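Peer 1: Whatever this is, show me its structure:
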Amino acid sequence: MTLPPTVRAVLARIEASGHEAYVVGGAARALLSGRAPADWDVVTSALPHVVERLFPVTRRTGLRYGTVTVIEAGVVCDVTTMRREAGYSDGRHPDAVHFTTDLAADLKRRDFTVDAVAITRDGALIDPEGGQADLAAGVLRAVGSADRRLTEDALRMLRAVRLMALDGLVAEPSLEAAIRRHAPLVARVAAERRAAEWARILEAHRPDAALARAEAWGVRLMALPTLGPPPRLDPIPTASARRLAWTILHRDRDRAMWELGAPRAERALVRSLPLPSGAPSPAEERRAVASLPDGALSMLRDAAPGLPAPLAAWGRALWERYNREGRLDASALAVGAAELMAALGIEPGPWLGRTLDALLELVWADPGRNRPEILIACARQLLGEGR
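Peer 2: Numbering: from 1, shown residues only. Have a look, this model is predicted:
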């Protein structure tokens, strides 16, 4: 395995100071899987203050656990001092952290064998727990006792689901049994941490099988009530559309999107999305297209392959309507406020907004009526009826 030059340079600088340094964690697993790492994790025998002295640009991102983020030539590396841990009384965090220079001890505290591997600057693999063989066999196995690992930190159950989704792994029997026993402990995990894990699960190429196993084990994506069965995510091409598909049937969509780690703007798009009641008419389709920004329409189109049939048809119909006709909103009316006031000889007032809304409804029902003379005549009739 060949590391990128900048990552090698980071390891080399630490080694030149008399300390050990290795690529570990998700970065090492990605390299073993033939993927480019999304981020870089480095473990070292150097203490955090030593790491800070070695590099000009650093951030203190987790000093309690020995982590300093190093930014070198635009590459971000989380550099963590080797450590042992003692006690997890809250079921999430170690009660005590003891720094060490023993790489084997650091790897032994990790949750799964596929993450208990280290790669040297020259690309050699250090694999005391058999992680490479498990990865090649498609097996997810705990380091040591599965019960101990999961009760130490309940987040590890969500990480197990994520690794199954990302790497196509299958939990070996003792790990599966332990997850079933301890699934209720996931409630201890902070919502922000759950959201971070689920966001990464939804970015996996084919997450459906892993999510189905999680549901069977009692590891729920979220406890919010839904209006229908969960969607199929594998056919949906983007993470944002997958979040939409998962949350559109929840009674509290905004909360559901928040729990999935959706950006604020994306949550606003989903919040605005109407659900059809029965087979929508062309006018209802035009009304929906007019009320939705482009982003919501494209997300709904992308989510359609995984949605129940009526919703999928709705999403495709809106997108096709938008492509054929564009957006028929107030700005598309053949007359505006100024033209109406001039034609009718009436001063501004509440009547103006009500009349424009009524004209828009007429155009949604029949776009052929979107002509100045027709709309002015309709407005005159509406005002006469309202007197």
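
Peer 1: Flag the shaky bits of the stretch 101-250 of the chain, pLDDT-wise.
Peer 2: Applying pLDDT under 70 to the stretch 101-250 of the chain flags the ranges 221-228.

Peer 1: hey, where'd the helices end up in it?
Peer 2: Per DSSP state H, counting those that start in this stretch, the stretch 101-250 of the chain carries helices over the ranges 103-108, 131-137, 146-152, 155-167, 173-182, 191-201, 208-217, 239-247.

Peer 1: how many neighbours does Ala265 have?
Peer 2: 9 (other Cβ atoms under 10 Å). The way it works is simple: take the backbone N, C-alpha and C, and place the C-beta from them, glycine included.

Peer 1: Not counting sequence-adjacent ones, nearest residue to the residue positioned nearest the centre of the chain?
Peer 2: With distances taken as Cα atoms, centre = their mean, Ala199 lies nearest the centre of the chain, 2.5 Å away. Excluding the flanking residues, the one nearest Ala199 by Cβ to Cβ, 6 or more residues apart in numbering is Gly261, at 3.6 Å.

Peer 1: Which secondary structure state is assigned to that neighbour?
Peer 2: coil (DSSP: H, G, I helix; E, B strand; the rest coil).

Peer 1: what about it, how many residues close to it?
Peer 2: Neighbours of Gly261 under the rule other Cβ under 10 Å: 19.

Peer 1: surely the residue nearest to the centre of the chain meets Leu260?
Peer 2: Yes: using Cβ atoms under 8 Å, Ala199 makes contact with Leu260 at a distance of 6.4 Å.

Peer 1: Distance check, Ala196 against Gly144.
Peer 2: Using Cβ to Cβ, to the nearest Å, Ala196 is found at 25 Å from Gly144.

Peer 1: for Gly261, same thing?
Peer 2: Taking Cβ to Cβ, one finds Gly261 at 30 Å from Gly144.

Peer 1: Now Leu87, what are its backbone angles?
Peer 2: For residue 87 the amino acid is Gly, not Leu. Note on Gly87: its backbone torsions stand at phi 70, psi 140 [degrees, to the nearest 10].

Peer 1: dump the residue contacts of it.
Peer 2: Counting by Cβ atoms under 8 Å, 6 or more residues apart in numbering, Gly87 touches 94-96.

Peer 1: got it, and Trp364?
Peer 2: Trp364 neighbours (Cβ under 8 Å, 6+ apart): 282-283, 286-287, 290, 328.

Peer 1: give me that answer again for 6 Å
Peer 2: Going by Cβ atoms under 6 Å, 6 or more residues apart in numbering, Trp364 touches 283, 286-287.

Peer 1: got it, and His19?
Peer 2: By Cβ under 6 Å, 6+ apart, the neighbours of His19 are 44-46.

Peer 1: Quick check: chain neighbours aside, which residue is closest to it?
Peer 2: Nearest one to His19, counting by Cβ to Cβ, 6+ apart, is Ala46 at 3.9 Å.

Peer 1: Next, the one you found: secondary structure please.
Peer 2: Classified using three-state DSSP, Ala46 is coil.

Peer 1: what's the pLDDT at it?
Peer 2: pLDDT, Ala46: 97.

Peer 1: Next, give phi and psi for His205.
Peer 2: According to degrees, to the nearest 10, His205 has phi -60, psi -50.

Peer 1: so how far is Trp217 from it?
Peer 2: Distance of His205 to Trp217, computed by Cβ to Cβ: 21 Å.

Peer 1: Go ahead and confirm Arg8 touches Thr120.
Peer 2: No: using Cβ atoms under 6 Å, Arg8 makes no contact with Thr120, being 9.9 Å away.

Peer 1: residues touching Met164, list them.
Peer 2: Applying Cβ under 6 Å, 6+ apart, the residues contacting Met164 are Ala210.

Peer 1: give me that answer again for 7 Å
Peer 2: The contact partners of Met164, by Cβ atoms under 7 Å, 6 or more residues apart in numbering, come to 140, 170-171, 210, 213.

Peer 1: ok, of the residues you listed, which come out buried?
Peer 2: Neighbour counting by 16 or more other Cβ atoms under 10 Å classes 140, 171, 210, 213 among the contacts of Met164 as buried.

Peer 1: Please name the nearest non-neighbouring residue to the last one.
Peer 2: To tie it back to what came earlier, the one meant is Arg213. Distance criterion Cβ to Cβ, 6+ apart; nearest residue to Arg213, sequence neighbours excluded, is Met164 at 6.7 Å.

Peer 1: Any figure for the gap between that neighbour and Thr58?
Peer 2: From Met164 to Thr58 the distance is 34 Å (Cβ to Cβ).

Peer 1: Over to His49?
Peer 2: Distance from His49 to Thr58, by Cβ to Cβ: 10 Å.

Peer 1: So between the two, which is more surrounded?
Peer 2: Each of His49 and Thr58 has its neighbours counted (other Cβ under 10 Å); Thr58 has more, 18 against 10.

Peer 1: May I have the beta-bridge partners of that one?
Peer 2: Assessed by DSSP bridges, Thr58 has beta-bridge partners Val70.

Peer 1: pretty sure it is touching Glu52, no?
Peer 2: Yes: using Cβ atoms under 7 Å, Thr58 is in contact with Glu52, at 5.0 Å.

Peer 1: got any residues that touch both of these two?
Peer 2: With contacts taken as Cβ under 7 Å, 6+ apart, Thr58 and Glu52 have Val68 as neighbours in common.

Peer 1: returning to that earlier point: of the contacts of His19, which is the most crowded?
Peer 2: Highest neighbour count within the contacts of His19: Thr44, with 28 neighbours (other Cβ under 10 Å).

Peer 1: wouldn't that one be in contact with Thr81 here?
Peer 2: Yes: with contact defined as Cβ under 7 Å, Thr44 reaches Thr81; the gap is 6.1 Å.

Peer 1: Just read off the phi/psi values of Val24.
Peer 2: Phi and psi for Val24, reported as degrees, to the nearest 10, are phi -140, psi -170.

Peer 1: before we move on, back to that, who has more neighbours out of His205 and Trp217?
Peer 2: Taking neighbours as other Cβ under 10 Å, His205 and Trp217 compare with Trp217 leading, 20 against 9.
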